[in-house]
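Novice: heads up, no residue letters with this:
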């Protein structure tokens, strides 16, 4: 908003003029701090350049949480100035972990030091963890092949596609003009192509961060050479070693769902969650589903769907993975709960570490223009990762998981194939509802109606 921006101080003015400008700037900042939040969030832009859309659970929960923190602690209680809040928020946008959790820890540190930051972070994460833990337990009781449970999820996946659109719309825009940056769009598209070529996504993220840094400084020749070099290197790799394996992303750190492996898996995934949980999802998927093979793909997709409808940061999907992985290993509920706890601790540990231990250093680094350009490119590249994940979930939602029908009788396989048409129609209708209606209860209504419709469409 215009009132959030403080005009820059002139570089060459008289003392009297300088005093007048400083007085005017001070008044503008005070007015901004006392400004009331918009009364109609469905139509007004929020404080961060998004348009609030409460029918997208993960994005709307994030925006609502951040807006609440800003309104209460900055605008009303004046813990810090508006300008400092914007700098702090910029820092947490480039750190791994949920920004709302990191803001809570930041204000906790201001209130009671590092202990206050830890308490604030735990208080933020605990409700979502408890809800996902309960959902994981109920899922295990319902059964992994429960027809009624699986049918209820067929209308929920459009939520992820809608959230992808909203996140992408923000991440590919220039910070100054808010116009779409074609280079960030290209970074997203090329990252998606690289995933199809099975190029490690973290190579793509780092590469397009560097490329955008060069482009922002108009170093066209080095940028073009580096862009071409990635595909030359890939071609040489294919010639001498063949097409990369689907598990090329995996580090092999969780071949079994033991407690120590689950903690390490959460720790690495949490460290890599730049741009949100969507960058951690493919890493966890490869480790748990493809390389480790201790979690079925269908169960993993269900965990993402559950994470998207809970009022919690999406990284909480790791709790579901830890619970189901440990439970499927030996059927012991005690180990399942322990697995959920340790992988969640690992996932949130980097968030706590960076926020509480290194904030002062990060606040200095975020002003570095070189790093700012690098992270802009990285965030644009992340959109390609998110888009591929959304398409994979779309396919699973419409077609159903092939593993569920692969070894069944012919008549059962034909029945499953016949469900593709109704599933596609249900998907499109749910997506239209998400785009058309912005009431805050739309998502809850969609969950209910989708679950009921699924019983009639997909259960004999």
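Specialist: Good, I have the coordinates. Worth saying up front: this structure is predicted, and the values here are computed from it rather than measured.
Novice: how far away is residue 111 from residue 283?
Specialist: Relative to residue 283, residue 111 is positioned 34 Å away (criterion: Cβ to Cβ, to the nearest Å). C-beta: built from backbone N, CA, C; applies to glycine.
Novice: the two - which one has more neighbours?
Specialist: residue 283 (23 against 14; other Cβ atoms under 10 Å).
Novice: now do that one, the pLDDT please.
Specialist: Residue 283 is assigned 83 on the pLDDT scale.
Novice: list the helices and strands the helix or strand hosting it packs on?
Specialist: Per DSSP states H and E: residue 283 is located in helix 280-285. The contact analysis (3 or more Cβ pairs under 8 Å, 6 or more residues apart in numbering; DSSP states H and E) places helix 280-285 against helix 259-271, helix 297-309, helix 317-330, helix 369-399.
Novice: for it, which outside residues touch it?
Specialist: Residues outside helix 280-285 that contact it (Cβ atoms under 8 Å, 6 or more residues apart in numbering): 195, 201, 249-250, 265, 268-270, 272-273, 297, 300, 304, 315, 317-318, 321, 347, 385, 388-389.
Novice: spatially nearest residue to residue 332, not counting backbone neighbours?
Specialist: residue 326 (7.6 Å; Cβ to Cβ, 6 or more residues apart in numbering).
Novice: do the same with residue 173
Specialist: In space, and not counting its chain neighbours, residue 173 is closest to residue 180: 5.8 Å by Cβ to Cβ, 6+ apart.
Novice: that neighbour and residue 381: what is the separation?
Specialist: For residue 180, the distance to residue 381 - Cβ to Cβ - is 15 Å.
Novice: comparing those two, which residue is more hemmed in?
Specialist: Per other Cβ under 10 Å, whichever of residue 180 and residue 381 has more neighbours is residue 381, with 31 against 11.
Novice: find the nearest non-adjacent residue to that one, please.
Specialist: residue 208 (4.0 Å).
Novice: from what I can see the one you found touches residue 192, true?
Specialist: No: in terms of Cβ atoms under 8 Å, residue 208 does not count as a neighbour of residue 192; the distance is 11.5 Å.
Novice: low-confidence ranges in the stretch 151-300 of the chain?
Specialist: Applying pLDDT under 70 to the stretch 151-300 of the chain flags residues 151-171, 175-177, 248-249, 274-277.
Novice: where's the residue nearest to residue 381, which helix or strand?
Specialist: Using DSSP H and E, residue 208 falls in helix 201-216.
Novice: burial measure for residue 78, as a count.
Specialist: 12.
Novice: sorry, slip of the keys, the one I care about is residue 297.
Specialist: 18.
Novice: that one contacts residue 286, correct?
Specialist: No: applying Cβ under 8 Å as the test, residue 297 and residue 286 come out as separate, 11.2 Å apart.
Novice: so residue 450 sits against residue 430, correct?
Specialist: Yes: counting by Cβ under 8 Å, residue 430 is a contact partner of residue 450 at 6.2 Å.
Novice: give me the pLDDT for residue 363.
Specialist: Confidence score, pLDDT, at residue 363: 64.
Novice: secondary structure class for residue 96?
Specialist: Here residue 96 is recorded as coil under DSSP: H, G, I helix; E, B strand; the rest coil.
Novice: my read: it touches residue 267, true?
Specialist: No: counting by Cβ under 8 Å, residue 96 does not reach residue 267; the two are 10.8 Å apart.
Novice: so these two - more neighbours on which side?
Specialist: Neighbour totals were compared for residue 96 and residue 267, and residue 96 leads with 24 against 19 (other Cβ under 10 Å).
Novice: how many neighbours does the closest residue to the more buried one other than its chain neighbours have?
Specialist: The shortest distance from residue 96 to any non-neighbouring residue, by Cβ to Cβ, 6+ apart, is to residue 273 (4.3 Å). Residue 273 has 26 neighbours, counted by other Cβ under 10 Å.
Novice: now residue 273: how far from residue 103?
Specialist: Taking Cβ to Cβ, one finds residue 273 at 16 Å from residue 103.
Novice: give the contact list for the nearest residue to residue 97 once chain neighbours are set aside.
Specialist: Excluding the flanking residues, the one nearest residue 97 by Cβ to Cβ, 6+ apart is residue 351, at 2.9 Å. By Cβ under 8 Å, 6+ apart, residue 351 lies in contact with 95, 96, 97, 98, 101, 102, 105, 121, 270.
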